[in-house]
Structure formats: C-alpha cells, structure tokens
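Undergrad: fold the following.
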Amino acid sequence: MEKRENEKDLGVALELYSILKMNDKREEISNITLRKFPTGTLAKQLFMNEVFSIKEKNEQVILDKLAAYQKKFGDTSFIVKNQFYSLLIDHFLTKKDLSGIDRYEALMTNKINLAGMYNNVAWDLTGGDLTSPGKDLAFAEQVSKKSVDILKNKMSNQITGDNAMDILSAYIGYADTYALIMYKQKRYDMAYEVQDEIYRLDTLGMGADGRERYAMYMEKVKGPEYTKAFIEQQLQQGHSSVVMTNQLRDICKKLSLPDDEFKKIMDYALALANKEAQKEAIEKYGDVKAIDFSLTNLEGKKFELSGYKGKVVVLDFWATWCGPCLASLPHMQALVDEYKDKEVMFFFVDTWQEGEPAAIKKEVAKFMKDNKYSFEVLFDYKNEVVKKYKIDGIPTKIVIDKNGDFLSINSSADNLKALIDNHTN
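TA: Numbering: from 1, shown residues only. Sure thing, here's the model as predicted:
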C-alpha cells in the first residue's frame, strides 16, 4: 500500500476494510493516506467530522474552525464558506436568534439547502399535525416564511441545470408548513390562501394529509356547505381519508342533514377507503395480509406480529437521528396513553440506525428515559423489516386491523386516530 500514489485507490481500500470491519487495516490505510495526502479528501473529511462533533459550538468557535480550514487546505471557496455558514445558522436557529441568522444568510451564495434547514425547524415547531398546539409559533412563522421566500425567488430566477419539478416540490412542501403555522395562529384566511395555491400548483396530486389540512382550512373560511361539496368530490375521486370522512360527519350534523344521508355517504366512503387500502397493499406487497416478523425490545423480549391478531396494530418506523420522526413522538405518546387499555398495540420499530446493537440499544434507552416516553420499541438492527415493508422514508406509520390485514400502509398523523377509532369497539 505504501507504493500507492493515488488517494482514490487508497479510498477504495479504506472503504473495503470498513465494510469488512477490518479495523486495524482500515486504520493503517487511513494513516498512510493522511501521510501521503495531508491536504487531501480524507484530511478534509476528518477535519469536518471534528467540527461536527464539537458539542459546545458557538459563533467564535465555528469562525475559528473556518479560518483554520482555509489556512490548512488553502481553500477559500464559497462551497467551504457556505458549509461553515450553514453551521453558524444552525447554531442561531437553536438559539432562536434571528439577527444572527440574517447576518450569515446574507453571506451564503447557495440558499436552497438553507431553505430546507428553515423548513425542518418550522415543521418540528408545528407539531406536525392539525391537533397538537405547536410551540414558538411566532419564530416558526419567521423561519418558515424565509424558506418559502427562498423557493419563490428560485422559481422566478431559474438557471440552466435547475430541476424545475424539484424546486416546485420543495416550494409546495415548505408552503404547506407555512399554512399549518397560519392555521395554528388562527389566521385562517392566510392558511386557506396558501393551501389553495398548493392545491392548484400540485399537478402530481396533493397527498392525503395535505388534502385533510386543505379541507379543515376551507371550512373555517368558505363554510360547511362549500367544504361538504369538496370532501364528497374527493371521496368520489377515490381520495379516501378517515379524517375528512369524520369532518364530513360533523358538517352534516351542523347542517342538520338527515342521518341516513350521512350514513349513505359514510358507507360509500368506508367501502372506498377499504378498497383503496387493499389496492395499495396488493400493488406494493402482493397481498392484503401484513408481513409477519419477529423483533426484540429493550428488555430483549421477542415480539411476533402474528401474535397480535385481535388487536389493531400500529407500526411506527423511526430513528433517533430523524427530525420528523422525533417531532411526531409527543403526538404518538398521547395516542399510546389514550388507547392504553383498549384493543390497540403500538410498536415503534427503530431502523436505519448505524452502530452495533448494544450501542443502538443504549442510545435508544437513554432517549426514551430522557424524554419520558413509554413506547414498546422493537429493534430492526439489520434493517430486514424495513426492507420487507419496502419503506423508502421515515417516519412511516402502518396500521393493521384485527384480522392481520393492512388498513393503511402510510397513515398521516392526523388520520391515525380516526383510523383506529373506526376499527375498535
């Protein structure tokens, strides 16, 4: 290996030894690489890893690290500056310091990734659903508005190489966050205006949770009769949603409509919802039956899915590194508490977690204790269950009925409670 002059070749060897868990050889190749290429790719990666691992970051520490990086590697490019400015903005987001955020945002040349940072923070503060109160909504509004404005500007000033659909998709997602904040601030007109724009822009079809929010904002602004017509249209088009069905039931009561009229609509909607759920399950898995698995919990006890027939089962696939997962957990704890003595079982499947099983278990146990969560956590150490269920993003919530059949293969947070209520006594 000493005779190799190409850092790329050494990098291939380093990756191979890492995969094979040959730590001594990996360390040997790493040292050779750093000796031969002290300002190369690996050296830069290790420098940045050191920066990311600093627990007590502040503005001066990050600026000092930027200066040290530029001096060591002779790299004063905007790519490097943007990387460190992102760290500074992340620091000020944690502190909710808008003046610090604005100061470094003005220095960044690539603001698209920054918009994503803003949206993630804002979304977490909303609580991620219609029912939770959210927190720090004034700050959430300010950073969410920043994300929307960045994408609006990008949509109006696209350059060669930009992916117009990706930009539009990001805008729709960030605007959806902003509308939810408006709703929770009781600024219903603005919430509806933004969500209505999304509905018209989203040529791929608004997702179920987006339509549920749209219908809720609509009733606040356009009234029950207008919203009733919209929900009925959605149901007739095959867009099943227990949340919208329940909203329709409440609207029928407000309008003093005969019970049999609602029953007719409800029977149709539920039949359609079941048919749609079965269709989605068959398309994805080839069967309506949930896929059996066996996993262990924090105490090492084995759980088999097939042992829980007679109960409605909720599978929540998550990880400790997943921001949206963590944002949904307070809402999930409320559901766990509500259905504690009923025929419902919640399994929180920890997956896509890097590290050895013992380390993963220790990290998750600490997380549960620190946050006072009473979840039944199951460990998918080898990512086998997440693969069986063909999940491509987390959090994903799957609901299984008492017969072991899929009720939903990707339930929204708001739809989850309504779905459980409709299938329990």
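Undergrad: C-alpha from now on. contacts and neighbour counts both.
TA: Fine.
Undergrad: and the residue nearest the centre of the chain, how far is that from residue 145?
TA: Nearest to the mean C-alpha position of the chain, counting by CA atoms, centre = their mean, stands residue 324 at 3.5 Å. Distance, residue 324 to residue 145, by CA to CA, to the nearest Å: 19 Å.
Undergrad: also residue 285?
TA: 40 Å.
Undergrad: okay, the two: which has more neighbours?
TA: When neighbours are counted by other CA atoms under 10 Å, residue 145 comes out ahead of the other of residue 285 and residue 145, with 20 against 15.
Undergrad: so how far is the helix or strand encompassing that one from its chain's centroid?
TA: For residue 145, the element it lies in under DSSP states H and E is helix 137-156. Relative to the centre of its chain, helix 137-156 is centred 19 Å away, using CA atoms, centre = their mean, to the nearest Å.
Undergrad: in it, what's buried?
TA: By neighbour count on 16 or more other CA atoms under 10 Å, the buried set for helix 137-156 is 137, 139-141, 143-151, 154-155.
Undergrad: for the very next helix or strand once past it, give me every contacting residue.
TA: Moving toward the C-terminus from helix 137-156, the next helix or strand (DSSP H and E) is helix 164-184. The set of residues external to helix 164-184 that reach it, using CA atoms under 8 Å, 6 or more residues apart in numbering, is 119, 122-123, 126, 130, 133-134, 137, 140-141, 144-145, 147-148, 151-152, 154-155, 158, 188, 190-192, 194-195, 198, 201-202, 210, 213, 217.
Undergrad: average pLDDT across helix 164-184?
TA: Mean per-residue pLDDT for helix 164-184: 94.
Undergrad: just how off-centre is that helix within its chain?
TA: Its chain's C-alpha centre and that of helix 164-184 lie 14 Å apart, by CA atoms, centre = their mean.
Undergrad: which SSE is immediately downstream of that helix?
TA: Following helix 164-184 in sequence, per DSSP H and E, is helix 188-201.
Undergrad: and that following helix, what does it pack onto?
TA: In terms of contacts (3 or more CA pairs under 8 Å, 6 or more residues apart in numbering; DSSP states H and E), helix 188-201 is packed against helix 164-184, helix 208-222.
Undergrad: got the buried residues for stretch 79-99?
TA: Result for stretch 79-99 [16+ other CA under 10 Å]: buried residues 81-82, 84-93, 96.
Undergrad: quick one: residues in contact with it.
TA: Residues from elsewhere that reach stretch 79-99 (CA under 8 Å, 6+ apart): 57-59, 62-63, 66, 100-101, 104-105, 107-110, 114, 117, 121, 139.
Undergrad: could you do stretch 189-209 as well?
TA: For stretch 189-209, the surrounding residues in contact (CA under 8 Å, 6+ apart) are 169, 172, 175-176, 178-183, 213-214, 217-218, 221, 239-241, 412, 414-415.
Undergrad: buried ones in it?
TA: By neighbour count on 16+ other CA under 10 Å, the buried set for stretch 189-209 is 189-196, 198-199, 206, 208-209.
Undergrad: Provide the contact partners of stretch 293-303 at residue level.
TA: Against stretch 293-303 from outside (CA under 8 Å, 6+ apart): 304, 305, 306, 361, 365, 376, 377, 378, 379, 380, 385.
Undergrad: okay, the buried residues of stretch 79-99 in CSV with pLDDT, secondary structure and distance to residue 22 next?
TA: Listed next are the buried residues of stretch 79-99 as CSV, based on pLDDT from 0 to 100; DSSP: H, G, I helix; E, B strand; the rest coil; distance: CA to CA, whole Å:
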residue, pLDDT, secondary structure, distance to residue 22
81, 93, helix, 35
82, 92, helix, 35
84, 94, helix, 33
85, 94, helix, 36
86, 93, helix, 34
87, 93, helix, 33
88, 95, helix, 36
89, 95, helix, 38
90, 93, helix, 35
91, 94, helix, 36
92, 95, helix, 40
93, 95, helix, 40
96, 95, coil, 44
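Undergrad: for residue 26, what are its contacts?
TA: 13, 14, 15, 17, 18.
Undergrad: residues near residue 348, how many?
TA: Counted with other CA under 10 Å, residue 348 comes out at 20.
Undergrad: what pairs with it across the strands?
TA: residue 316, residue 377 (DSSP bridges).
Undergrad: tell me the contacts of it?
TA: 315, 316, 317, 318, 375, 376, 377, 378.
Undergrad: do residue 137 as well
TA: Neighbour list for residue 137: 125, 126, 181, 184, 185 [criterion: CA under 8 Å, 6+ apart].
Undergrad: hmm, which of these are the buried ones?
TA: 125, 126, 181, 184.
Undergrad: widest-spaced pair of those residues?
TA: With CA to CA as the measure, no two of those lie farther apart than 125 and 184, at 10.9 Å.
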